[in-house]
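**Q** got a predicted structure here, sequence first:
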Amino acid sequence: MTDEPRGMDPVEEPMTPADSESTVAQGAGDFTSGEGLVALAGIVLVAIWVVFDVFLDDYGVGSLTLLLAALVIIAPRMNRATVEKALPLPVVIKLAGYTLAFIGVIAVIEAIEEGFFEGAATIIAALAEYAAFAMAFIGARQIKI
């Protein structure tokens, strides 16, 4: 027998906003920090290149964009001491994130001038690329040096 009075259910404590934020942060993994957001932007850019340029041959991502995307994906996963021989890792990621954002501004201006959006796949790829450039900018702003 239990010592609880009959007819009374145990009361659960309500979730506080801090509890729900920690639950969300645990599920998000590495992509909650500024460096993680820039790395996620790099992953999106590489995915756009693979799907829309390699497979569909519909929308191209520039070589410098791919190089920077690969840098922000690979650099945090390398030996930190090796990367920091040149520059501290947050500086590298922040610089690459701002450069991606600058390339994004140029890409938007070129798209407005040329008006090259011909098909649905091109529009989807372009919007995803612009979102990745915005993620890179937001992530780079969050990195504290």
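**A** Yep, that arrived.
**Q** now the helix ranked longest in the chain: buried residues?
**A** Scanning the chain for the longest helix, with DSSP state H as the assignment, gives helix 89-114. Buried residues in helix 89-114, counted by 16 or more other C-beta atoms under 10 Å: 89-90, 92-101, 103-104, 107. (Each C-beta comes from the backbone N, C-alpha and C, glycine too.)
**Q** element containing the most centrally placed residue in the chain, please.
**A** Geometric centre of the chain, nearest residue: L40, 2.7 Å, by C-alpha atoms, centre = their mean. L40 belongs to helix 34-48 when assigned by DSSP states H and E.
**Q** by how many degrees do that helix and helix 89-114 diverge?
**A** 40 degrees (axes from the mean of the first three to the mean of the last three C-alpha atoms, to 10 degrees).
**Q** could you export helix 34-48 as PDB, CA atoms only?
**A** Extracted C-alpha coordinates of helix 34-48, given in PDB (Å, rounded to 0.1, in the frame of the first residue of the first chain):
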ATOM      1  CA  GLY A  34      27.900  30.700 -33.800                       C
ATOM      2  CA  GLU A  35      30.600  28.400 -35.100                       C
ATOM      3  CA  GLY A  36      28.000  25.700 -35.500                       C
ATOM      4  CA  LEU A  37      25.700  28.000 -37.500                       C
ATOM      5  CA  VAL A  38      28.400  28.900 -39.900                       C
ATOM      6  CA  ALA A  39      29.300  25.200 -40.300                       C
ATOM      7  CA  LEU A  40      25.600  24.500 -41.000                       C
ATOM      8  CA  ALA A  41      25.600  27.200 -43.600                       C
ATOM      9  CA  GLY A  42      28.700  25.500 -45.200                       C
ATOM     10  CA  ILE A  43      26.900  22.100 -45.200                       C
ATOM     11  CA  VAL A  44      23.800  23.600 -46.900                       C
ATOM     12  CA  LEU A  45      26.000  25.300 -49.500                       C
ATOM     13  CA  VAL A  46      27.800  22.000 -50.300                       C
ATOM     14  CA  ALA A  47      24.500  20.200 -50.400                       C
ATOM     15  CA  ILE A  48      23.200  22.800 -52.900                       C
END
